[in-house]
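J.: Mind folding the following:
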Amino acid sequence: MSRSENAAKGVAVPPVAGLGLAGVIAHGAHLALDAPPAWITLPQLPEHRIVRLHLRNDGDEAVELRRSTLRVLGEEGEELKAVARPPLLRLEPGRAGAMDLVLHGPGRPARLVHAGLEVELPTSGPRA
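T.: Okay, here's the model as predicted:
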């Protein structure tokens, strides 16, 4: 039986080298905020905001967050312009790490989305 047939039937499919998160999602990865987001505004760049997220992996497999596939959605579900630093954040099960999102333009981030994983963000931060 193929990997995709096994995955469709709910059979755990081990990760394959080079596929990154494809295997992680099949094993029940789960992200959560580990602390409230910290906001930084820059008077010199009024349309830019930085939010530091402390994320925790509550799943049973490692999670790799990659800047190239990370999406930040606003309160109305619109995609916001954002850049993540570091470009790659790997979280082992039970571990936490920090990621900065540099946001440009209007909107307030409400959700972080990455390869089928979502983290709800409190919408109390500054709006550009």
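J.: Leaving aside the residues adjacent along the chain, what's closest to residue 104?
T.: residue 81 (4.6 Å; CB to CB, 6 or more residues apart in numbering). For every residue, glycine as well, the C-beta is placed using N, CA and C.
J.: The one you found is in contact with residue 102, isn't it?
T.: No: in this structure, residue 81 is not within contact of residue 102 by CB atoms under 8 Å, at 9.1 Å.
J.: returning to what we had before: and the pLDDT at the residue nearest to residue 104?
T.: If you check residue 81, the pLDDT there is 93.
J.: Enumerate every residue touching it.
T.: 103-105 (CB atoms under 8 Å, 6 or more residues apart in numbering).
J.: Which of those residues are buried, as a ChimeraX select command?
T.: To isolate the buried members of those in ChimeraX, using 16 or more other CB atoms under 10 Å:
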select :103
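J.: What segments of the protein are strands?
T.: For the chain, strands defined by DSSP state E occupy the ranges 31-41, 48-57, 63-66, 71-74, 81-85, 88-91, 96-104, 109-114, 117-120.
J.: Would you point out the helix or strand in the protein whose mean pLDDT is lowest?
T.: helix 21-26 (a mean of 33; mean pLDDT, DSSP states H and E).
J.: residue ranges with poor pLDDT in the chain?
T.: Applying pLDDT under 70 to the chain picks out residues 1-28, 124-128.
J.: same thing but 90
T.: Applying pLDDT under 90 to the chain flags the ranges 1-30, 41-42, 45-47, 61, 105-109, 115-117, 121-128.
J.: Report how many residues lie close to residue 45.
T.: Neighbours of residue 45 under the rule other CB atoms under 10 Å: 12.
J.: likewise the one 4 residues further on?
T.: Here the number of neighbours of residue 49 (other CB under 10 Å) works out to 23.
J.: The one 10 residues further on now?
T.: Burial of residue 59 is recorded as 20 neighbouring residues (other CB under 10 Å).
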